[in-house]
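J.: Here is a sequence with its predicted model. Questions after.
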Amino acid sequence: MKPIGYVLFGQDNGGSFFQNAPRGVLCEDCQACIDLRYAPSDLKIDTFYDLSHTLDNRLICSRRAKDFFLERFDVLISEVGAWRGNSLYHVSPKISVPFSAIRRGTRFLDRCDTCGTYKSIVGAAPAYLELESLDKECFFKTDIVFGSYAEKAPLNVIGEETQKNFTGLGFSGGVFKDVFSYMGLLQLPADRQ
Ligand SMILES: [Zn+2]
């Protein structure tokens, strides 16, 4: 089966996005992020890449990578700190695409009585979307978050050409996992027609 795009991960940068988050940003019961506008201003990281992830699963970009996203896509951007004079940015897509929890068998465990979110959502990979295809140049988030506690976050999805651009521009830190279409699987296998 041919992928329709990629999930974008970054190398771990050793930072914690929510380390110094004030009260009210995380649910006091399950630690889920309940203030989606929050971003730190003093993020500390151990290792710098153009594309990286904090330990709690937030995408952090160099200025170059941030500019790349900003020029092409509908994104939210927060400046979150600096590493040796290089500004760091949290970048997230504004537009979401439907993840196929049914095809993947994603499980939603233990709803939190305080904030109403599930405490744990498991089964993100391999990623299936309820779309026939993705634009070759795109940057979207899934409509489902994955993980537990503060690390719960949507997957970031990019198009084939976007991934090639990262490579062409020499962006460091990008890690890419295949994304598949669930729609393509709705046809019955030959032996069942
Ligand atoms: Zn909660």
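T.: Noted; the coordinates are in hand.
J.: C-alpha only now, for contacts and for neighbours.
T.: Fine.
J.: For residue 23, give me the pLDDT.
T.: Predicted confidence (pLDDT) for residue 23: 95.
J.: ok, it - how many residues close by?
T.: Using other CA atoms under 10 Å, residue 23 has 8 neighbouring residues.
J.: Is it located within a helix, as I assumed?
T.: No. The assignment for residue 23, made by DSSP: H, G, I helix; E, B strand; the rest coil, is coil rather than a helix.
J.: which ones are touching it?
T.: By CA atoms under 8 Å, 6 or more residues apart in numbering, the contact list for residue 23 is empty.
J.: got it, and the one 10 residues further on?
T.: By CA under 8 Å, 6+ apart, the contact list for residue 33 reads 25, 26, 27, 149, 150, 152.
J.: Which residue, other than its chain neighbours, is closest to the second one?
T.: Across the structure, with CA to CA, 6 or more residues apart in numbering as the measure, the residue nearest residue 26 apart from its sequence neighbours is residue 33 (4.4 Å).
J.: One more: the last one?
T.: Leaving out its chain neighbours, the residue that sits closest to residue 152 by CA to CA, 6+ apart is residue 146, at 5.1 Å.
J.: Provide the backbone phi and psi angles at the residue nearest to residue 26.
T.: The phi and psi torsions at residue 33 (degrees, to the nearest 10) take the values phi -70, psi 120.
J.: And it, how far from the ion?
T.: Note on residue 33: its distance to the ion, by CA to the ion, to the nearest Å, is 8 Å.
J.: Likewise for residue 130?
T.: Relative to the ion, residue 130 is positioned 28 Å away (CA to the ion).
J.: picking that back up, the contacts of residue 33 in helices, which ones?
T.: With helices defined by DSSP state H, no entry of the contacts of residue 33 lies inside them.
J.: secondary structure element for residue 68?
T.: helix 63-72 (DSSP states H and E).
J.: elements contacting that helix?
T.: Where contact means 3 or more CA pairs under 8 Å, 6 or more residues apart in numbering; DSSP states H and E, helix 63-72 is packed against strand 86-93.
J.: What strands line up against the strand it packs on, and which way round?
T.: Strand 86-93 sits in its sheet next to strand 59-61 (antiparallel), strand 75-83 (antiparallel), going by DSSP bridges.
J.: which one of the ones you listed is the most hemmed in?
T.: Greatest average neighbour count among those goes to strand 59-61 (a mean of 28), per mean count of other CA atoms under 10 Å.
J.: what about the strands in this structure?
T.: Remark: strands assigned in the chain by DSSP state E are 5-12, 51-53, 59-61, 75-83, 86-93, 96-97, 107-111, 118-122, 127-129, 139-148, 153-158, 174-181.
J.: Pull up the residues of this structure that are close to the ion.
T.: When proximity is defined as CA under 5 Å from the ion, the chain approaches the ion at 27, 29, 30, 112, 114, 115.
J.: Check the residues you listed and tell me the two furthest apart.
T.: 27 and 112 (9.2 Å; CA to CA).
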